[in-house]
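Peer 1: Quick check, what structure comes out for this input:
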Amino acid sequence: MAVNLPVHVLGAGGHAKVVISTLLAAGFEIAAVYDDAISKWGQVCLGFHICGPISELSTVETIAAVVAVGHNRTRQAIVERFKNVQWVTVVHPRAWVHPSVTIGAGTVVFAGAIIQPETHIGEHCIINTGATVDHECWIGDYVHIAPGVHLAGNVNIHTGALLGISSAVLPGIEIGDWTTVGAGGVIIHNLPGHSKAIGVPAKIKNKE
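Peer 2: Predicted structure coming up:
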């Protein structure tokens, strides 16, 4: 979706710095940065002034924004606070995304990521630096694919799942809602929702 408005960045941590750099590389203008941490107000994030709490966004009449928070549930909670926001989809120019791929509002695709044909990426996802998503994958909303993750073809990842740095998923695997895969984990079997899997091959450590 084309956006002509300056973008408001919600969040001012380390992840926000990468989001800001991705926005700038993709040709967006930054309107302002917000964060709920009082200690950050009046400071700068990658050269941009941190105006105040995220709630101040409600005072802006015409809004384009992106949530620059890596934690999935926090990102969801912020999104659900605002109903009149034009959520911006951002793809770094050094990412490769096939034209058949669909990407939802608010999702950010970082530099070096590769997304192969007929994949669907949901809303407010993070496809982080150097991650690869192969053909015909389906990724739900609020998913975080961490740096260096590799998804084989036809992988199905449900809402809110987190795949840790350098983890890998074999073809046709399904990962349930709000499940976490630990860093370096190799997923060879389906994982239920609200679980945590670690190791090579990954095994379920616990379940909520």
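Peer 1: which ones are touching the residue nearest the centre of the chain?
Peer 2: Residue closest to the average C-alpha location in the chain (CA atoms, centre = their mean): Ile126, at 1.7 Å. For Ile126, the contacting residues are His15, Gly70, Thr107, Val108, Phe110, Val143, His144, Ile145, Ala146, by CB atoms under 8 Å, 6 or more residues apart in numbering. Using the backbone N, CA and C atoms, a C-beta is placed for each residue, glycine as well.
Peer 1: now, which of these lie within strands?
Peer 2: Mapping those onto strands (DSSP state E) picks out Val108, His144, Ile145.
Peer 1: okay if I get those as a markdown table plus pLDDT and distance to Thr159?
Peer 2: Formatted as a markdown table, the ones in strands among the contacts of Ile126 follow (pLDDT from 0 to 100; distance: CB to CB, whole Å):
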| residue | pLDDT | distance to Thr159 |
| --- | --- | --- |
| Val108 | 98 | 17 |
| His144 | 98 | 11 |
| Ile145 | 98 | 13 |
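Peer 1: Could I get the pLDDT score of Lys205?
Peer 2: With respect to pLDDT, Lys205 has a value of 86.
Peer 1: That one: which element?
Peer 2: Assigned by DSSP states H and E, Lys205 belongs to strand 203-207.
Peer 1: Paired strands for that strand, with orientation please.
Peer 2: The strands that strand 203-207 pairs with in its sheet are strand 195-198 (antiparallel) (by DSSP bridges).
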